[in-house]
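Asker: The following comprises the amino acid sequence and a computationally predicted model.
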Amino acid sequence: MSADKRSAWSYAEGFHADDDVMLAARERAFDLGIDSVPASVATALTVLTTAVAPSHVVEVGTGVGVSTLAIVRGLAPHAALTTIDPDVEHLRAARETLTDAGVPLNRLRVIAGRGQDVLPRLTKSAYEMVVIDADREGLAEYVEMSVRLLRPGGLIVINDALAADTVQQPTNRSAGTTSARNAARYLAERDDMVTHLSPVADGMILATRKR
Ligand SMILES: C[S@@+](CC[C@H](N)C(=O)[O-])C[C@H]1O[C@@H](n2cnc3c(N)ncnc32)[C@H](O)[C@@H]1O
C-alpha cells in the first residue's frame, strides 16, 4: 500500500469527530476495559440507519452504548431498537450514555443476555437491520442467527470484521479470527444475500437480504 493511500485512510478515519456525549461514553469504556466503535463507524451506523429507515433493529453487543446511540440518531421516533449484552455493568454505562444524549430509555428494549441465547428467541423475518459488535468468537454464530431475523432488503452490519487485522493471515487459527473469517464467508456464499467487506476502521461487513 502506498504512503499516500495510508495517509488518505488515516485522514478519512480522523474526519469524524466525537461529540461530548460520545467522548464521555469512551471514558466509561476505558474504565471498563472495553472498546467502542470509532467515530467513523458511529457515523456510518447513523447514515445506514437513516437510509434503511428500519422499524425494528437489533444490536448484539451494547457495550457502553456508542453504537447504540449512533443507531438511535438515525432511527425514526416510532422505530424499536432491541440491544443485547450479557454484562450488566456495560448496560448500566450504556444507559448513562443514552441518558446523557437525552434519549428516553423507553425507546429501547435492553436485554441482559448472550446473543446466542437471545437471537433465536426473536421473531423470524421481523427486522430490517441487525448490528453486531460483540465478542469475536461468537460472530459466526450471531451472523447465522441474524440472517433468520432479516426481512428481504434488511441489512446486517458487522463491526471488527477484520478481527484486528488478522483475518488475512492463513496461519492464524485463533477462535476469534476463525469466527470472523467464517462469518464473512458464510454471508458471501449465500445466494440470498449481497455482501460487502469494507476496510473502514477495524473492518465492516454490510450484507443485505435480496428482495
Ligand atoms: C466491543 S464491546 C461493544 C461496544 C459497543 N458496540 C459500543 O460501540 O459502545 C463488545 C460487547 O460485547 C459484549 N458481549 C460479550 N459476549 C457477548 C455475547 N455472548 N452476546 C452479546 N454480547 C456480548 C460485551 O459484554 C461487550 O459489552
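Answerer: Alright, I've got the coordinates.
Asker: quick one: secondary structure of residue 208?
Answerer: Classification of residue 208 using DSSP: H, G, I helix; E, B strand; the rest coil returns strand.
Asker: Can I get the helix or strand residue 146 falls within in CSV? Just the C-alpha atoms.
Answerer: Using DSSP states H and E, residue 146 falls within helix 139-149. Output in CSV follows, covering the C-alpha atoms of helix 139-149 (Å, rounded to 0.1, in the frame of the first residue of the first chain):
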residue,chain,number,x,y,z
LEU,A,139,-19.5,-13.7,15.5
ALA,A,140,-20.1,-16.6,13.0
GLU,A,141,-23.0,-17.9,15.2
TYR,A,142,-24.6,-14.4,15.5
VAL,A,143,-24.4,-14.0,11.8
GLU,A,144,-26.2,-17.2,11.0
MET,A,145,-28.8,-16.3,13.6
SER,A,146,-29.2,-12.8,12.2
VAL,A,147,-29.9,-14.0,8.7
ARG,A,148,-33.0,-15.7,10.1
LEU,A,149,-34.2,-12.4,11.6
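Asker: which residues are in contact with it?
Answerer: 58, 60, 115-116, 119-120, 122-127, 130, 132, 134, 156, 158, 176, 178-180, 182-183, 186-187, 190, 193, 209 (Cβ atoms under 8 Å, 6 or more residues apart in numbering). C-beta coordinates here come from the backbone N, C-alpha and C atoms, glycine included.
Asker: Run the chain-centre distance for it.
Answerer: Mean-position distance between helix 139-149 and its chain equals 13 Å (Cα atoms, centre = their mean, to the nearest Å).
Asker: what mean pLDDT does that helix have?
Answerer: Averaging pLDDT along helix 139-149 yields 98.
Asker: That one and the ligand in contact?
Answerer: No: Helix 139-149 lies apart from the ligand when judged by Cβ under 6 Å from any ligand atom; the minimum separation is 7.5 Å.
Asker: May I see the buried residues of stretch 52-61?
Answerer: 52, 54, 56-61 (16 or more other Cβ atoms under 10 Å).
Asker: And for residue 18, the neighbour number?
Answerer: 16 (other Cβ atoms under 10 Å).
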